[in-house]
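*Asks:* Below is the sequence, then the predicted model.
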Amino acid sequence: MTDEWRGWREAAQAALYGDEGFYRSPVRSPEGPAGHFRTSVHASPLFAGAVVRLLTGIARELGTGTVALVDVGAGRGELLTGVLDVLAARPGGPDVTPYAVEVAARPPGLDPRIEWCAEPPAGVAGLLFANEWLDNLPVEVAEADAEGVPRYVEVRTSDGAERPGAPVTGADAAWLERWWPLSTPGERAEIGRPRDAAWAGAVGSLTAGLAVAVDYAHGRGTRPPFGTLTGFRGGREVRPVPDGSRDLTAHVALDACAAAVTEAGIGARTELTDQRAALRRLGVDGDRPPLSLATSDPAAYVTALAAAGEAAELTARGGLGDFGWLLHRVGLPEPG
């Protein structure tokens, strides 16, 4: 890493995905993403169970016993491993062809049924699931100058210092005007065009099925005035320095991603909701078991109480329950 000044997209791309980057270097992050931040996948196996319910429903709608599960931004394969474990414990479920889409090398000891790939496989039918993927796709950062003119923010690799760059123009300026207008000096935004394109491409890889993006999100009327770019290392939030030593993340304009799918000509029915509502539809609600169960079956009560605690974390307001869920039904009938 050097003292070179660069735009945030270029700097973060090298810091996260370069040969010595945070996600690719086994020396910098031998434990993988799970060693630095906790996602819903790591919080509880109930999350994998919810994905199994989605997958089973899609297989039923497709009328097939074999269905693909594409995990985009798979980390070390934790979600796919959890899904396969749940299916093994529930005979009669669909046969799953699992794909892990990840830039890092395949971890040792991973289930050999999981196909490891750098891009979503084209032409598959089933469930494409991207949990906290889009927030790690690098984007440019813009800030309004003293005259209210949006300018690219340049960052110094070694220490994260920033300075104003050239005015934002072209397609980036059009995106800001449509999705995240800046006018007051000091206001900041993350320009989500690369994420829009990546998500439209991922959804377009399905011939039929359901595509789901789960992420930190905000909408057109609730954009944070100073942006959301931050870093994580060792389980703690830290300054966003693009030196390869930490995760770099920014919340996602999921409404812009949804529009990109429509504008790409992909015939999909779209829904934008939050994790609390989505998981409750899938049976993860956090309700405590009845006290009568403690008397009739104490062991079952303890198990159910623990599951209720995990479900409460997955659906909590102010926490994981506030995550955005963007769903696209591709080649499927209107849901009942």
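*Replies:* Right, received. Where do you want to start? Numbers count the residues shown, from 1 in each chain.

*Asks:* residue boundaries of the helices in the chain?
*Replies:* Remark: helices assigned in the chain by DSSP state H are 8-17, 40-43, 45-62, 78-89, 170-179, 193-204, 254-263, 275-281, 292-296, 298-314.

*Asks:* Just the mean pLDDT for the last one, thanks.
*Replies:* Mean pLDDT, taken over the full extent of helix 298-314, equals 62.

*Asks:* ditto for the second one
*Replies:* Along helix 40-43, the predicted confidence averages to a pLDDT of 67.

*Asks:* which strand in this structure runs the most residues?
*Replies:* Longest strand in the chain by number of residues, with DSSP state E as the criterion: strand 206-215.

*Asks:* returning to what we had before: can I get the helices of the chain in TSV including mean neighbour count and distance to Ala68?
*Replies:* Glycine gets a C-beta too; all of them are placed from N, C-alpha and C. Rendered in TSV, the data for the helices of the chain read as follows (neighbours: other C-beta atoms under 10 Å; distance: least, C-beta to C-beta, whole Å):
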stretch	mean neighbour count	distance to Ala68
helix 8-17	22	25
helix 40-43	20	19
helix 45-62	20	9
helix 78-89	19	11
helix 170-179	14	31
helix 193-204	21	13
helix 254-263	20	19
helix 275-281	19	21
helix 292-296	12	38
helix 298-314	15	25
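
*Asks:* Check what pLDDT the residue nearest the centre of the chain gets.
*Replies:* Residue closest to the mean C-alpha point of the chain, counted by C-alpha atoms, centre = their mean, is Glu132 at 2.0 Å. pLDDT for Glu132: 94.

*Asks:* Likewise for the one 4 residues further on?
*Replies:* For Asn136, the model assigns a pLDDT of 95.

*Asks:* Might you report the residue contacts of it?
*Replies:* Contacts were defined as C-beta atoms under 8 Å, 6 or more residues apart in numbering; by that measure Asn136 touches Leu16, Tyr23, Gly73, Asp247, Leu248, Thr249.

*Asks:* mind giving me the domain split of the protein?
*Replies:* The record's domain split for the chain, according to automatic domain parsing, is 31-139+192-217+252-285+320-330, 141-179.

*Asks:* so where's the stretch 151-300 of the chain uncertain?
*Replies:* Across the stretch 151-300 of the chain, the stretches falling below the confidence threshold (pLDDT under 70) are 286-300.
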